[in-house]
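Novice: Next input, structure requested:
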Amino acid sequence: MPKVGIVVGSIRKNSFSEQLGKNIVELLPEGYEAEFIEIGNLPLYNQDSDEDIPAVYTTFRETVKALDAVVFVTPEHNRSVPAALKNALDVGSRPYGSNVWNGKPALIVSHSPSNLSGFGANHHLRQVLAFLNMPVVQQPEVYIANVHELLGEDGKITNQDTVGFLQSAVDALVGLVTKYEA
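Specialist: Residues are numbered from 1 along each chain as shown. Below you'll find the model as predicted:
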């Protein structure tokens, strides 16, 4: 059974990213397992941690190693990814030569309450994931604009066209997972 990690870029409780992630999990096909990966508890990475590895780093790295694919759901902070997300990518890719992200298919879903829809975050994340050797869904690119208008009080997406679009992105990720399992 393929296991997909959901990495939420916003560490705010009940964030738009978390709500979108929960909607995406519902779109995974039968036989897929999803797990939300905690990133808000990771101390800032620095190279000294390679000598005296925090236990939370080890747990995080082992969790990521066990995944078959990753969905990154992120807002944009100052035209890039949130600090917690970049830190998680750094923690998982160090020490040099021990990249737990390596080869894992990925889907990027960026969003914003504005019309820009997290464009900068999406492309900065693509750049980092290319270096980490993660094959990323190229099409469709997923930018969710006006996210606050698409989520009901229950956190469910209220626009069926958006649900259909996200389903096509999840289907593309499943295609990558299948390709890389072979």
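Novice: Now do the phi/psi pair for the residue positioned nearest the centre of the chain.
Specialist: Geometric centre of the chain, nearest residue: residue 72, 1.2 Å, by CA atoms, centre = their mean. Main-chain dihedrals, residue 72, degrees, to the nearest 10: phi -100, psi 120.
Novice: State the distance from it to residue 165.
Specialist: Separation of residue 72 from residue 165 (CB to CB, to the nearest Å) stands at 17 Å. The way it works is simple: take the backbone N, C-alpha and C, and place the C-beta from them, glycine included.
Novice: Give me the mean pLDDT for stretch 157-171.
Specialist: Mean pLDDT, stretch 157-171: 98.
Novice: Equivalent analysis for stretch 21-30, please.
Specialist: Mean predicted confidence for stretch 21-30 is 98.
Novice: Give me the contacts around that stretch.
Specialist: 4, 6, 8, 34, 36, 71, 73, 109, 155-157, 163, 166-167, 170, 174 (CB atoms under 8 Å, 6 or more residues apart in numbering).
Novice: Out of the residues you listed, which is nearest to residue 131?
Specialist: residue 71 (19.0 Å; CB to CB).
Novice: Give me the sheet partners of the host helix or strand of the closest one and which way each runs.
Specialist: Mapping residue 71 onto the secondary structure by DSSP states H and E places it in strand 69-74. Under the criterion DSSP bridges, strand 69-74 sits next to strand 3-8 (parallel), strand 106-111 (parallel) in its sheet.
Novice: Can you lay out those strands as CSV showing mean pLDDT and mean neighbour count?
Specialist: As requested, those are exported to CSV (pLDDT from 0 to 100; neighbours: other CB atoms under 10 Å):
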stretch, mean pLDDT, mean neighbour count
strand 3-8, 98, 22
strand 106-111, 98, 26
